[in-house]
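Enquirer: missing the sequence, but the structure's below:
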């Protein structure tokens, strides 16, 4: 066992992909732990007033701030295009995203542009007739915004959402939620799955049959369908207008994902354990009268664990994606507090401001690539070990 | 008789993490038309690599240098497609393990007729009747039934006969038989060897019989080539070799065969030690560390291939004299 | 006779799993919060509510409610929507879209993955091989809703090559049907393509080392013929199994793709049903999905038997 672990780290360190994967994973774990403490993570703060900031706004090397704050460089004609975009925004939001566009819980709207940030968004477009007064007000707000952004000296490396959230800050902030959901569910799913799978493989008989049947029953319902159903059932408010707090949703989310992961990981633990149980050294140790517990812990579990780790890493990535899918389907988080919900919340603006979607998608993809790569390398080193036996 | 195959300074090496592995080190060998040559050596002596590399059947990790003339054309200069045109019709090969050398998911018939239709351009019916003839020739009972079977349903001996049938299907001039009997039962071994000898005589085929068993070579070849550590160490007409072997290695090989005329209770002699590391090139005779006759000269200097007046070649400073 | 018993035990196992899955779902949907009777008739009196509950079988315990549902299903009655209408017509109209999506995806994935896998195995270690595996690996790591959104916007809306979303029945307009299906199928196929290519590559590499490939080669047959006639079939067992197993994942993946591309399939209906707490409908949808999943599995199992006689011998 000692030897294997050494070889695994060697494989990880020798491959360039492995190094990159490890450093990315390290970075996001760092963000998950310290992210909310970083001064940059101003989640809940809005920086503009229904005005989209493009990536690299105010970063000093992508042109003046005024151009990034859309429609403000030419103050004469700014009213009309702005009105147009807001119309498009709205229809897009309503059509493609099954998400309720309520404001961030606990969001504090900056005093300089306080009032109608979100209400204006949700107003029907036929108010444009009386827009002239509003437009002046808007223009003033916009100038105010530019000034305050310049004053704040804050760089919007990934821009902001239409709601005015700094995407970079939101991503860093969301790391904690996304990663804890996926780590916790894989951990508990793997733990329970291993316990059931290994015990089933070791005892055989009726226990094995029942466990195997239950695994198969759960596996016969596609993962996303089951997760969707579980969360919809256990995290729906009593009355349609109520909202379920994020903490409840996260708990239900983790619980449901654990239920889904148990058979997935348990099945692998079972088959891996079956492979080892029939090896000569296990039979030998049984024949000299070792206790079941000691055989399980000394002989079987250390050998099954690496394969579980390999699959567990793949599961980590899969869960991050499922979390996003569930948000997009409208049953997951929708507060923008996790990567998936950030996408779901802003997917309506995608056509006009693609960066609100593709930046979080790329972050998710990077993370998934990293955990897949690590899982892959672990499996490779396992294969090497198998080949040497 | 004319040369059919001529190898000149033929070398094969593999690049491995531990350095280049020299499987065949500078082999010169001429095989005449209609001849039957045995290549003998321990496992790892390079005999299988030599035969496969001659045909060009090596994986891309192998490097081949030197030249191999087949019917006067240098195979090493040919493109893959031109080389392939010699396979099956010019040269063919029988592999060691009949259990693994037939495709488990295709019927015997389709594997047998494939060469006939693809290489010889026969029609389906013609190929089928030809295949039945071939199966009949290699003494497969019930050829028509066998054609429809999968390899998994046949015994080892039967499968090896089918492999032979596949190899001779396109009437090759040169047949490499790579340990054709090693994986078979002793009784079946004799039958298969007999079959090969018959087929060779009947089709005037040249055969190279690769084996580790001097006993197999004895009755079925005209000439024997003994290989050790990737080199030819002795070559002589079969009768001459057994009567008058020069190399201590050949002698040791012969002594390691169990014999019925030996007094019972006597221990079988084994060649102590192991083959030298193929990734290294040591000075001196490659067999010296294991040779009972070795002297300091053997350890310091590599013996050249010496040719005796009767054509008997050997690579030894102190050849065993006839009476010994 | 033995064969028959074999098939029967297999079928009964499938039936058992199906019943387990539907029972599980029937328990789950009963946990939906809120009073269904009040949803149907917000002003119902206590007696009326009880009557509604009785009619729907909600006053029964889990087991007898399940049996009631089961007997309905077996009679071909897929239940009703609480807000009116029968479930069956909806299922009937939703299934083709989902099945088309999955079958097209599977076909596209296999059509792309088989040559890619065989070729990259044949060219193992070359730049082509490395490029293929790296790019597929990275692409497959993208969340498929992300790929879907990007394709819909970039290819569909901005470039305007194909319409970004929607669905038309195949009988209505053939070319439009395929145009509309292109993006969702492409999105859904990315994952399977990567998985299949990778599996097939590994298997083909192993097969290429076999003696029978060497024998085929020594017959003087072209590389192409060797790869596709001799190597592909013995190498495809794992691919087939994986393709069967991925059917289930595809149904799950189709769920979100259907919603992104506005395809009125089972996924869309299921999402709608969960959103409106139509739990009879949910139960029937999940049952249908599980049935398809298990059917795919058994079909592929027998397909593998046909392709690879080795497994036949093993079972016999």
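Expert: Happy to help now that I have it. Here the structure is a predicted model, which means the values were calculated and not measured.

Enquirer: residues of the one helix or strand residue A:193 maps to that come out buried?
Expert: With elements taken from DSSP states H and E, the one containing residue A:193 is helix A:167-203. Applying a neighbour-count criterion of 16 or more other CB atoms under 10 Å in any protein chain shown, the buried positions in helix A:167-203 are A:167-179, A:181-186, A:188-190, A:192-194, A:196-202. Where C-beta positions appear, they are placed from N, C-alpha and C, glycine not excepted.

Enquirer: Which elements pack onto it?
Expert: Counting contacts by 3 or more CB pairs under 8 Å, 6 or more residues apart in numbering or on different chains; DSSP states H and E, helix A:167-203 is packed against helix A:16-34, helix A:205-219, helix A:246-277, helix A:301-329, helix A:339-346, helix A:355-388.

Enquirer: can we see that at 10 Å?
Expert: Under the contact definition 3 or more CB pairs under 10 Å, 6 or more residues apart in numbering or on different chains; DSSP states H and E, helix A:167-203 sits against helix A:16-34, helix A:205-219, helix A:246-277, helix A:292-294, helix A:301-329, helix A:339-346, helix A:355-388.

Enquirer: Tell me the residue of the stretch 151-300 of chain B that sits nearest chain A?
Expert: Nearest residue of the stretch 151-300 of chain B to chain A (CB to the nearest CB) works out as residue B:279 at 19.2 Å.

Enquirer: ok so, going back, out of the helices and strands packed on helix A:167-203, which one sits most buried?
Expert: helix A:339-346 (a mean of 29; mean count of other CB atoms under 10 Å in any protein chain shown).

Enquirer: could you give me the average pLDDT of it?
Expert: Here helix A:339-346 scores 81 as its mean pLDDT.

Enquirer: Tell me if it is near chain C.
Expert: Yes. Helix A:339-346 is in contact with chain C by CB under 10 Å from any CB of the partner chain, via A:339, A:340, A:343, A:344.

Enquirer: Show me chain C divided up by domain.
Expert: C:2-74, C:87-312 (automatic domain parsing).

Enquirer: okay if I get those as TSV plus mean pLDDT?
Expert: Listed next are those as TSV, based on pLDDT from 0 to 100:
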stretch	mean pLDDT
domain C:2-74	79
domain C:87-312	84
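
Enquirer: Tell me which of those lies nearest to chain B.
Expert: Nearest to chain B among the domains of chain C is domain C:87-312 (3.5 Å), distances taken as CB to the nearest CB.

Enquirer: chain center to that closest one, what's the gap?
Expert: 9 Å (CA atoms, centre = their mean, to the nearest Å).

Enquirer: Can you pull out the low-pLDDT segments for the stretch 51-200 of chain A?
Expert: Counting by pLDDT under 70, the ranges of the stretch 51-200 of chain A that qualify are A:51-134, A:138, A:141-157, A:159-164.

Enquirer: run the last query once more with 80
Expert: For the stretch 51-200 of chain A, residues meeting the criterion pLDDT under 80 lie at A:51-170.

Enquirer: The residue in the stretch 151-300 of chain C that chain A sits nearest to: what secondary structure?
Expert: When distances are taken as CB to the nearest CB, the stretch 151-300 of chain C reaches nearest to chain A at residue C:252, 3.3 Å away. The local conformation at residue C:252, judged by DSSP: H, G, I helix; E, B strand; the rest coil, is helix.

Enquirer: Now do the contacts for it.
Expert: Applying CB atoms under 10 Å, 6 or more residues apart in numbering or on different chains, one finds that residue C:252 lies in contact with A:221-228, A:322, A:325, C:246, C:267, C:289, C:293.

Enquirer: how does it look with 8 Å?
Expert: Taking CB atoms under 8 Å, 6 or more residues apart in numbering or on different chains, we find residue C:252 in contact with A:222, A:223, A:224, A:225.

Enquirer: count of residues packed around the third one?
Expert: Read it as residue A:224. By other CB atoms under 10 Å in any protein chain shown, the residues close to residue A:224 number 23.
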